[in-house]
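Colleague: test case, fold it:
(one chain, ligands or ions: 2)
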Amino acid sequence: MYVINDNCISCGACVPDCPVSAIVEGDGKYTINGDCISCGACVPSCPVDAIVEG
Ligand code: SF4
Ligand code: SF4
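Modeller: Numbers count the residues shown, from 1 in each chain. Ligands and ions are numbered 1, 2, ... in the order given. A predicted model of the protein is given here:
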């Protein structure tokens, strides 16, 4: 499971990289929901390294 931390600037760049559409816009930042299969594809797309294993 991956999570998005408070470094997220809500740029949305990670959204199209997720094969199961698990990244959704949340309150003040984007979040990863329970559909995440922990593939890691979204991690390199984040400009502020906000996506981490959690
Ligand atoms: Fe989607 Fe993979 Fe990122 Fe999980 S780790 S949110 S499945 S791209
Ligand atoms: Fe947030 Fe990073 Fe995703 Fe942009 S790419 S929405 S900063 S987690």
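
Colleague: mind checking pLDDT for residue 54?
Modeller: Note on residue 54: pLDDT of 87.

Colleague: likewise for residue 21?
Modeller: The model's pLDDT for residue 21 equals 98.

Colleague: how about residue 37?
Modeller: Value for residue 37, per-residue pLDDT: 98.

Colleague: which one is it nearest to, not counting chain neighbours?
Modeller: Nearest residue to residue 37 in three dimensions, chain neighbours excluded: residue 20, at 5.8 Å (Cβ to Cβ, 6 or more residues apart in numbering). Placement of C-beta: from N, CA and C, glycine included.

Colleague: and that neighbour, that's in a strand?
Modeller: No. Per DSSP: H, G, I helix; E, B strand; the rest coil, residue 20 lies outside any strand segment and is coil.

Colleague: check the burial of it by counting its neighbours.
Modeller: Look at residue 20: counted by other Cβ atoms under 10 Å, it has 11 neighbours.

Colleague: also residue 26?
Modeller: Taking other Cβ under 10 Å as the definition, residue 26 ends up with a neighbour count of 13.

Colleague: now swap in residue 23 and tell me
Modeller: For residue 23, the neighbour count with other Cβ under 10 Å is 24.

Colleague: could you do residue 24 as well?
Modeller: Quick note: residue 24 (other Cβ under 10 Å) scores 13 neighbours.

Colleague: quick one: it and residue 33 touch, right?
Modeller: Yes. Judged on Cβ atoms under 8 Å, residue 24 makes contact with residue 33 at a distance of 6.0 Å.
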